[in-house]
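S.K.: Here is a sequence with its predicted model. Questions after.
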Amino acid sequence: MCGIIGFVGTTPAVPHLLSGLRKLEYRGYDSAGIAIASPTEPDIVIRKAVGKIANLDQAIASHPLEFEGPIGIGHTRWATHGIPSVQNAHPHLSQDGRFAVVHNGIIENFHDLRKQLRELGFEFRSETDTEVLAHLIQLHRADTLIDSVRAALRLVRGTFGIAVVSSCFPNQIVVARRGSPIVIGANETETIVASDVAPIIPYTNKVTFLDDGDIAVLTPGHFEIRSMENTSVSRSETAVDWDPGAAEKGGFEHFMLKEIFEQPEALENCFRGRLLEEDGTAKLSGLRLDPHDIASFDNLVITACGTSYYAGLHGSYAFEQLAGIPTRIEQAAEFRYRNPILSPNAGVIAISQSGETADTLAAVREAARKGATVLSICNIVGSTIAREAGRGIYLHAGPEIGVASTKAFLCQVAVLNMMALLFGRTRRLSNSEGVHIVHALKKLPDLIRSVLEQKDCIRKIAEKYAGCSNAFYIGRGYMYPAALEGALKLKEISYLHAEGYHAAELKHGPIALLDEKVPVVACAPLVPGHDKTIGNIQECRARKSPVIAIATEGDDSIAAFTEDIIRVPQCSELVAALPVVVAEQLLAYYIARFRGEPIDQPRNLAKSVTVE
Ligand code: M6R
């Protein structure tokens, strides 16, 4: 949550900071700000604005900076402590105005620190936890900026990724990490730091992730990492294979739409080199598991949040169906506090697009503490969850900027299906069964293309239902996670109340809510359980709910029970949820568009949820 950017180079920092902030805006967007330092000026200049980066652009245009410095930090905020306001926007200045701080995370003991600082005469201008950091750095000012920051951080409990500039120590930025990502990249003359990779790619594709407890000094074209104990630290570089344009809209109106349309290619990248047709299995080297390891798992636990959780639910079905391994799914937020039982031969699979979600990371740590083999499925290379799990699979979906997850979900399900295939082939699936599954997976990109071709038909249906206030999504088997995911997409970007339900569960309570104003989206392709879903559709129709069916091409019988039909291609049960989810993504997208909502940055949300 929140985005941090920092630039130290030889040209004015402002354009670099603003363009970086635009790439980070998806992480939080209720206010933004920058602070600029110059080796020749005694002060730090700050500009802030409530709302999106465009408002910050305007604030700078209407009040031009007093000077142009080559060193600066910036922030785009997702509020935790204090409402979105100019006062609460970062950067925060120390009382003497000589230190500016941007911060992601939460300072847990900020009440106590604030009280102590007040007693020492410090005055607070914001309601944030971050402001204590700025004052603490001033209070503990030492001979160098890194020592001043280190001394302040020793007093702090909680999580942080921070960047600090000071007019007392020009020519440098100090950054530090405990629990909130900090990534650094440098070319010959410039060093750029951010809370994720996207703003760094235009400068270099080689990035360095700080570990918890690292603190670094950045100068033009150079950086040095040290520990909190002041020993030298070396962190390896990670090469990122995104092209700089991948984080741009590329002619689409929204990132979400672009990412929906990128899905066939994202799946191709995800499958590349991993599907072994002849052997009817998958090669997933990142797992670092030999057949003996795979055979020794007596159960699996999948843990994740949000959309990644729904992908995990799909995965739990696939592992039991293909590999015969008892598999349960746990919300990551519950996993840590519930003290879950993990047998000595349990495998824990943590799924996270960002690889930074706080609850999922905590679940990874808890599972490791209990001795389980932890495997990760992440999109962001080098992210904390991927690194801490130590073994896992990357999605290779490319950057996902839209807050509503789309291509990551498809690739997560694809990876889980490949894992289930690999585990199944090691345990009980025959070669011919494996080959059949490989074929089904390989067809997926084209199947998704055929759903995308129906965008105009889906847009028309969206227009018809854009005015409703409530909706249900129903499905059975693999269509149950698809129903949950469809409802989540609709509610997060259109602000309509939508609920995903197992088709059979509806009659155990929620059916009371159905009437002619409440449409039901039925995930009803021709897969096992189809006839039962038709029965559930009838139950909805009997309560006068209009039904939008997502049904297989050529299934003409369904027309008798539904108002509107979105067609998906015939495919095997294991992959049938993916075309259905793509149809749901387009439906949600167009409904939100007809309602005029800000699709890429829905209210109250942030892309990466790094607080509990
Ligand atoms: O980065 P993660 O996959 O760990 O994120 C988990 C959820 O926060 C995320 O999937 C969220 O539910 C999305 N906004 C859904 O579209």
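M.R.: That came through fine. Numbers count the residues shown, from 1 in each chain.
S.K.: Tell me if I'm right that Leu484 and Tyr310 touch.
M.R.: Yes - here Leu484 lies in contact with Tyr310, judged by CB atoms under 8 Å, at a distance of 4.9 Å. Placement of C-beta: from N, CA and C, glycine included.
S.K.: show me the contacts for Gly529.
M.R.: With contact set as CB atoms under 8 Å, 6 or more residues apart in numbering, Gly529 has these partners: Arg476, Gly477, Met479.
S.K.: separation between the second one and the ligand?
M.R.: Spatial separation of Gly477 from the ligand under the definition CB to the nearest ligand atom, to the nearest Å is 22 Å.
S.K.: Nearest spatial neighbour of that residue, chain-adjacent residues omitted?
M.R.: Gly529 (4.9 Å; CB to CB, 6 or more residues apart in numbering).
S.K.: Ok, the first one next?
M.R.: In space, not counting the residues next to it along the chain, Arg476 is nearest to Gly529; the distance is 4.2 Å by CB to CB, 6+ apart.
S.K.: Please say which of Leu484 and Tyr310 ends up with more neighbours.
M.R.: Neighbours were counted for Leu484 and for Tyr310 using other CB atoms under 10 Å; Tyr310 has more, 29 against 22.
S.K.: Could you report the pLDDT at the more buried one?
M.R.: Among the per-residue scores, Tyr310 holds a pLDDT of 98.
S.K.: just for the stretch 251-400 of the chain, where's the confidence low?
M.R.: Within the stretch 251-400 of the chain, not a single segment meets pLDDT under 70.
S.K.: Neighbours of the residue in the chain that the ligand sits nearest to, how many?
M.R.: Taking CB to the nearest ligand atom as the measure, the chain has Gly306 as its residue closest to the ligand, at 2.0 Å. Counted by other CB under 10 Å, the residues lying close to Gly306 total 22.
S.K.: Quick one: residues contacting it.
M.R.: With contacts defined as CB under 8 Å, 6+ apart, the neighbours of Gly306 are Ser405, Leu488, Val609.
S.K.: swap in Pro170?
M.R.: With contacts taken as CB under 8 Å, 6+ apart, Pro170 has the following neighbours: Ala37, Ser38, Pro39, Thr40, Ile71.
S.K.: Which of the three states applies to the fourth one?
M.R.: Taking DSSP: H, G, I helix; E, B strand; the rest coil as the rule, one finds Thr40 in the coil state.
S.K.: how close does it get to Ile192?
M.R.: The spacing between Thr40 and Ile192, counted by CB to CB, to the nearest Å, is 22 Å.
S.K.: ok, now Met256?
M.R.: Going from Met256 to Ile192 by CB to CB gives 27 Å.
S.K.: Which residues of the stretch 301-450 of the chain lie near the ligand?
M.R.: For the stretch 301-450 of the chain, the contact set with the ligand under CB under 6 Å from any ligand atom comprises Cys305, Gly306, Thr307, Ser308, Ser352, Gln353, Ser354, Thr357, Thr360, Val403, Ala404, Ser405.
S.K.: again, but for the chain
M.R.: Counting by CB under 6 Å from any ligand atom, the residues of the chain near the ligand are 305-308, 352-354, 357, 360, 403-405, 488, 492, 608-609.
S.K.: List the ones among those that fall in helices.
M.R.: Among the residues of the chain next to the ligand, the members falling in helices are Gly306, Thr307, Ser308, Thr360, Leu488, Glu492 (criterion: DSSP state H).
S.K.: Other residues contacting the helix-or-strand element of the chain with minimal mean pLDDT?
M.R.: The helix or strand with the lowest mean pLDDT-type score in the chain, counting by mean pLDDT, DSSP states H and E, is strand 237-239 (a mean of 89). Strand 237-239 is contacted from outside by Asn205, Lys206, Val207, Thr208, Phe209, Val381, Gly382, using CB under 8 Å, 6+ apart.
S.K.: Adjacent strands (with direction) for it?
M.R.: Paired with strand 237-239 in the same sheet, following DSSP bridges, are strand 206-209 (antiparallel).
S.K.: gap between the helix or strand following the partner strand and the chain center?
M.R.: With elements assigned by DSSP states H and E, the helix or strand that comes after strand 206-209 is strand 214-219. Taking the mean of its C-alpha atoms, strand 214-219 sits 26 Å from the chain's own mean (CA atoms, centre = their mean, to the nearest Å).
S.K.: List the buried residues for strand 214-219?
M.R.: Across strand 214-219, burial judged by 16 or more other CB atoms under 10 Å covers Asp214, Ile215, Ala216, Val217, Leu218.
S.K.: Could you find the closest non-adjacent residue to the second one?
M.R.: This means Ile215. For Ile215, ignoring the flanking residues on the chain, the nearest one in space by CB to CB, 6+ apart is Ala176 at 4.1 Å.
S.K.: Could you list every helix and strand that whichever strand or helix holds the one you found packs against?
M.R.: If you go by DSSP H and E, Ala176 is part of strand 173-178. Applying 3 or more CB pairs under 8 Å, 6 or more residues apart in numbering; DSSP states H and E, one finds that strand 173-178 makes contact with strand 3-8, helix 145-153, strand 160-166, strand 191-194, strand 214-219.
S.K.: Pick the most deeply packed of those.
M.R.: Mean neighbour count, computed with mean count of other CB atoms under 10 Å, is highest for strand 3-8 among the helices and strands packed on strand 173-178, reaching a mean of 31.
S.K.: starting at the chain centroid, how far to that one?
M.R.: From the chain centre to the centre of strand 3-8 is a distance of 20 Å (CA atoms, centre = their mean).
S.K.: and if you look at stretch 400-417?
M.R.: Taking CA atoms, centre = their mean, one finds stretch 400-417 lying 10 Å from the centre of the chain it belongs to.
S.K.: now do stretch 475-491
M.R.: Centre to centre, stretch against its chain (CA atoms, centre = their mean), the figure for stretch 475-491 is 19 Å.
S.K.: Kindly format the C-alpha coordinates of that stretch as PDB.
M.R.: Output of stretch 475-491 as PDB, limited to C-alpha atoms (Å, rounded to 0.1, in the frame of the first residue of the first chain):
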ATOM      1  CA  GLY A 475     -21.700 -21.900  -9.700                       C
ATOM      2  CA  ARG A 476     -20.800 -25.500  -8.600                       C
ATOM      3  CA  GLY A 477     -17.500 -27.400  -8.600                       C
ATOM      4  CA  TYR A 478     -14.800 -25.400 -10.400                       C
ATOM      5  CA  MET A 479     -17.500 -22.800 -11.200                       C
ATOM      6  CA  TYR A 480     -17.900 -22.000  -7.500                       C
ATOM      7  CA  PRO A 481     -14.500 -20.200  -7.300                       C
ATOM      8  CA  ALA A 482     -15.400 -18.600 -10.600                       C
ATOM      9  CA  ALA A 483     -18.600 -17.300  -9.100                       C
ATOM     10  CA  LEU A 484     -16.800 -15.900  -6.100                       C
ATOM     11  CA  GLU A 485     -14.300 -14.200  -8.400                       C
ATOM     12  CA  GLY A 486     -16.900 -12.800 -10.700                       C
ATOM     13  CA  ALA A 487     -18.800 -11.200  -7.700                       C
ATOM     14  CA  LEU A 488     -15.500  -9.700  -6.300                       C
ATOM     15  CA  LYS A 489     -14.700  -8.100  -9.700                       C
ATOM     16  CA  LEU A 490     -18.100  -6.500 -10.000                       C
ATOM     17  CA  LYS A 491     -18.200  -5.100  -6.400                       C
END
